[in-house]
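Student: give me a 3D structure for the following:
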Amino acid sequence: IMHTSAPATQYIVGVESTGFGQQGKLGRYPFHFHMCMSAAGSILSKNSIRDTMQRGIVVHGTNDLFLEGNILHNTRGHAVMLEDGAEQFNTFLKNLGAVGWGVDIPISDDESDATPSTFWITNPQNTWIGNVAAGSQFSGFWFEVSPRVRGPSLQ
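Tutor: You can find the predicted model right below:
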């Protein structure tokens, strides 16, 4: 899901994703909201994302997205992540991440997917309610808040 901003809305509900993602390849994740700006009205809900090769749900340069009731199991790298720290006003409601592992081939030395978290959070200006992290190899919730935005969102 790339560069699709409001007023276009996306409803991704009840999809099963198995074995998606390409380890070591930037931008190759099962669900990737990439530089959508405002995704107001878009919903990612009640999806099953399992046995990923790299990450699960990545929100990058995207705001106003609603993510609810997604289940991520047996993921490699961060299961759910905000990528650059510019992402804001997204709602993460009752998502479950269970059993997460590090990647064998990282995207770059700047990425932390070899020691991942279930939820990697780079901007506190988002809403997180009732999300559950269970069985991650490293950490459940990782807040890495920087005073500056990183990556392409900086421009």
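Student: so what's residue 61 up against?
Tutor: By CB atoms under 8 Å, 6 or more residues apart in numbering, the contact list for residue 61 reads 34, 35, 36, 37, 83, 84, 86, 87, 152, 153. All C-beta spots, glycine's among them, are computed from the backbone N, C-alpha and C.
Student: try it again at 6 Å.
Tutor: The contact partners of residue 61, taken as CB atoms under 6 Å, 6 or more residues apart in numbering, are 35, 86, 153.
Student: wasn't it part of a strand?
Tutor: Yes: using DSSP: H, G, I helix; E, B strand; the rest coil, the secondary structure at residue 61 is a strand.
Student: which strand or helix spans the residue lying closest to it once chain neighbours are set aside?
Tutor: Spatially, and ignoring its direct neighbours in sequence, residue 61 is nearest to residue 35 (3.9 Å; CB to CB, 6 or more residues apart in numbering). Element membership for residue 35, per DSSP states H and E: strand 31-38.
Student: residue 98: how many residues sit nearby?
Tutor: Close neighbours of residue 98, defined as other CB atoms under 10 Å, add up to 17.
Student: likewise residue 49?
Tutor: Per other CB under 10 Å, the neighbour tally for residue 49 reads 28.
Student: please verify my assumption that it contacts residue 72.
Tutor: Yes: counting by CB atoms under 6 Å, residue 72 is a contact partner of residue 49 at 4.7 Å.
Student: need the residues touching each of the two.
Tutor: Joint contacts of residue 49 and residue 72 (CB under 6 Å, 6+ apart) are residue 56.
Student: please consider this matter closed, and thank you.
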